[in-house]
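Chemist: just the structure for this:
(2 chains)
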Amino acid sequence: MSKRKGGKRGLTPRAEDFSAWYNEVVQQAELADYSPVRGSMVIRPWGYGIWENMQRALDDMFKATGHQNAYFPLLIPMSFIEREKEHVEGFKPELAVVTHAGGKELDEPYVVRPTSETIIYAMYAKWVQSYRDLPLLLNQWGNVMRWELRTRLFLRTSEFLWQEGHTAHATAEEAEDEARMILGVYRRFMEEWIAMPPLTGLKSEAEKFAGAVRSYACEALMQDRKALQAGTSHMLGQNFARQFGLTFQNEEGREEYAWNTSWGVSTRLVGGMVMTHGDDVGLVVPPKLAPTQVMVVPIARGDDQAAAVMKKGDEIVEGLRGQGVRAAIDRRLHMSPGAKFFEWERKGVPVRVELGPRDLARGEAVVAVRVNEDGAPRKEAMSDAQVVAGMNDRLDALQARLLEAAIARREAATHRGEVSSVDELGELLDSGAGFVHSGWSGDPDVEARVKDATRATIRVIPGEEFRSASAPARCVGGGSAQMEVVWARAY
RNA sequence: CGGGGCGUAGCGCAGCCCGGUAGCGCGCCUGCUUUGGGAGCAGGAGGUCGCCGGUUCGAAUCCGGCCGCCCCGACCA
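Modeler: Here you go, the predicted model:
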């Protein structure tokens, strides 16, 4: 909780208490609020608008790669969840179960979906008979529930919104390609839209999805140097196909089990965005995700001026919209310009245009970009025409600047030298390292021991493009290096 | 589930130790004046003090029980 009075003036600085800062930003930027139900949240219009922009971009990418949307029901028979052994073990502790309905106890309880593999593959089993029915490439947008012990807005709530893709293929190779292709889609989305550059790669056995053969993941580094698992893509093998009888006849007429993948990203991405770009003033929303990219703040003395300024402001907004910019004008008259400046900065609007009588007289407006290059002026006066004509470039430049800054932070917090002891890993993490590369023997006991000692886990066995130039020879916690891994403390 | 903290106006809090008709700041409403970095003045609305029980002439305050929320650790998108 903030010790600051009034709840409106200033945030706890990130350096003082990152966790408190995060909670304050989320609430003061009006992204979300606590709901009356423990562990769940209300997503407010500003936060939901950001999510909608994420959805639209991802949905386009899924469609472009051959997927279609469908919707499967919220309630899943308990017996379905219990079908796949690792899957039950993974999810049982966090299931919410419906035992009564219509005033009667149900014969078989339903679980509120924690994920939909079981119901979806049960349905696929009905729909797929022949290799000609494959691949089946569906996605669904929906909500899921996992009864979490400890929750945080966006990062971990009992109910959250996400998309889950589920595919069925005739061969293992094809399923493997799909899982990797989607990982690439996620990576591209995170870089291009959220300006949040993740590491991608494979999960260790201990960290993989319950029921998967292999899990791939995007891991992003937050400003407090903790990793956030931002998206996962799973190669499910034939595990679910076997349990749900998802079979097809191949070209030779033999019956085979299909190969599946599943993959998802959630509203957690909004939390990732907050922790990647936010500053001590408040939220910073990358232009491509901002529900409003440009907010015009009129400044006026008296009714006549107000009318003139509003008229000019409307013209600028129209001009911007004509350029495809999401622009709006803040017409509230009871609020002082200064108060509006603070409010829109707190909410992370990428660009503010200030328009007062002085500007009007000169045919100008003042442009203030939310995040500037070091040393660059905070505000710039320019002609109305320049405000409009230059806006897309200005937004693109900000988007690029945010990505560059995030990459620079990630690289600065990445340790790639040799690390040979558990103590050394702990010291590195304590002294400001985020991602630490090292060798690993592949022994899960080592991973567990390191976790106990340092609270760090293997976030990812990095894909080719994220591996060190020369593979680390030494292992944290002993053994001979079979592969390179990336350690971090994680959300 | 373990540890810590907190429940008093929409929000943030004081009052509680030492019982006596509930207060402050912000916000909100009305009016006037204001507006280039969180406006000013005046007037006003708003509370079963988390719930149940006990002690007492009298409980926000003391005692007992319950409930809820937040934060920190073990599991997780």
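Chemist: going forward, measure contacts between C-alpha atoms and count neighbours the same way
Modeler: Noted.
Chemist: let me know the distance separating the residue sitting furthest away from the middle of chain A from RNA strand B.
Modeler: Centroid-distance maximum for chain A: residue A:304 at 46.4 Å, with CA atoms, centre = their mean. From residue A:304 over to RNA strand B the distance is 10 Å, taken as CA to the nearest atom of the strand, to the nearest Å.
Chemist: so that residue belongs to a helix, correct?
Modeler: Yes. Membership of residue A:304 in a helix is supported by DSSP: H, G, I helix; E, B strand; the rest coil.
Chemist: list the contacts for it?
Modeler: Counting by CA atoms under 8 Å, 6 or more residues apart in numbering, residue A:304 touches no other residue.
Chemist: give me the pLDDT for it.
Modeler: In this prediction, residue A:304 carries a pLDDT score of 88.
Chemist: please tell me how far it sits from residue A:310.
Modeler: For residue A:304, the distance to residue A:310 under the criterion CA to CA, to the nearest Å works out to 10 Å.
Chemist: equivalent analysis for residue A:392, please.
Modeler: Separation of residue A:392 from residue A:310 (CA to CA) stands at 23 Å.
Chemist: more neighbours, these two?
Modeler: Ranked by neighbour count (other CA atoms under 10 Å), residue A:392 and residue A:310 place residue A:310 first, with 21 against 17.
Chemist: pLDDT score for the more buried one?
Modeler: Confidence at residue A:310, expressed as pLDDT, is 95.
Chemist: my guess is it meets residue A:298, correct?
Modeler: Yes. The criterion here is CA atoms under 8 Å, and residue A:310 meets it with residue A:298 at 6.6 Å.
Chemist: list residues touching both of these two?
Modeler: Here residue A:310 and residue A:298 have residue A:331 as joint contacts, going by CA under 8 Å, 6+ apart.
Chemist: find the nearest non-adjacent residue to the spatially most central residue of chain A, please.
Modeler: Centroid check for chain A by CA atoms, centre = their mean gives residue A:269 as the closest residue, at 1.7 Å. Spatial nearest neighbour of residue A:269, excluding adjacent residues (CA to CA, 6 or more residues apart in numbering): residue A:230 at 6.2 Å.
Chemist: what do you get for residue A:388?
Modeler: The shortest distance from residue A:388 to any non-neighbouring residue, by CA to CA, 6+ apart, is to residue A:320 (5.4 Å).
Chemist: in the host helix or strand of the one you found, what's buried?
Modeler: Using DSSP states H and E, the element containing residue A:320 is helix A:302-322. Across helix A:302-322, burial judged by 16 or more other CA atoms under 10 Å covers A:305-306, A:308-310, A:312-314, A:316-320.
Chemist: got it, and stretch A:127-144?
Modeler: A:128-131, A:134-144.
Chemist: same check on stretch A:272-290?
Modeler: Here stretch A:272-290 shows A:272-279, A:281-290 as buried, counting by 16+ other CA under 10 Å.
Chemist: how far away is the residue nearest to the centre of chain A from residue A:53?
Modeler: Counting by CA to CA, the gap from residue A:269 to residue A:53 is 12 Å.
Chemist: now swap in residue A:21 and tell me
Modeler: Distance of residue A:21 to residue A:53, computed by CA to CA: 25 Å.
Chemist: more crowded one of these two?
Modeler: More crowded of residue A:21 and residue A:53, by other CA under 10 Å: residue A:21, with 23 against 16.
Chemist: need the contact list for the more buried one.
Modeler: Here residue A:21 is in contact with A:11-14, A:280 (CA under 8 Å, 6+ apart).
Chemist: take these and write them to a markdown table, including pLDDT and secondary structure.
Modeler: Converted to a markdown table, the contacts of residue A:21 look like this (pLDDT from 0 to 100; DSSP: H, G, I helix; E, B strand; the rest coil):
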| residue | pLDDT | secondary structure |
| --- | --- | --- |
| A:11 | 82 | coil |
| A:12 | 83 | coil |
| A:13 | 85 | coil |
| A:14 | 88 | coil |
| A:280 | 91 | coil |
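Chemist: which element is residue A:233 on?
Modeler: Taking DSSP H and E as the criterion, the element that holds residue A:233 is strand A:227-237.
Chemist: by contact count, what packs against the helix or strand just after that strand?
Modeler: Next in sequence after strand A:227-237, counting helices and strands by DSSP H and E, comes helix A:239-244. Identification of packing neighbours for helix A:239-244 by 3 or more CA pairs under 8 Å, 6 or more residues apart in numbering; DSSP states H and E yields helix A:117-127, strand A:259-266.
Chemist: go with 10 Å
Modeler: Contacts defined by 3 or more CA pairs under 10 Å, 6 or more residues apart in numbering; DSSP states H and E place helix A:239-244 against helix A:85-91, helix A:117-127, strand A:255-257, strand A:259-266.
Chemist: quick one: average pLDDT of stretch A:436-453?
Modeler: Mean per-residue pLDDT for stretch A:436-453: 91.
Chemist: swap in stretch A:332-350?
Modeler: Here the average pLDDT along stretch A:332-350 is 94.
Chemist: wondering if that stretch reaches RNA strand B at all.
Modeler: Yes. Using CA under 7 Å from any atom of the strand, we find that stretch A:332-350 touches RNA strand B at A:333-343, A:345.
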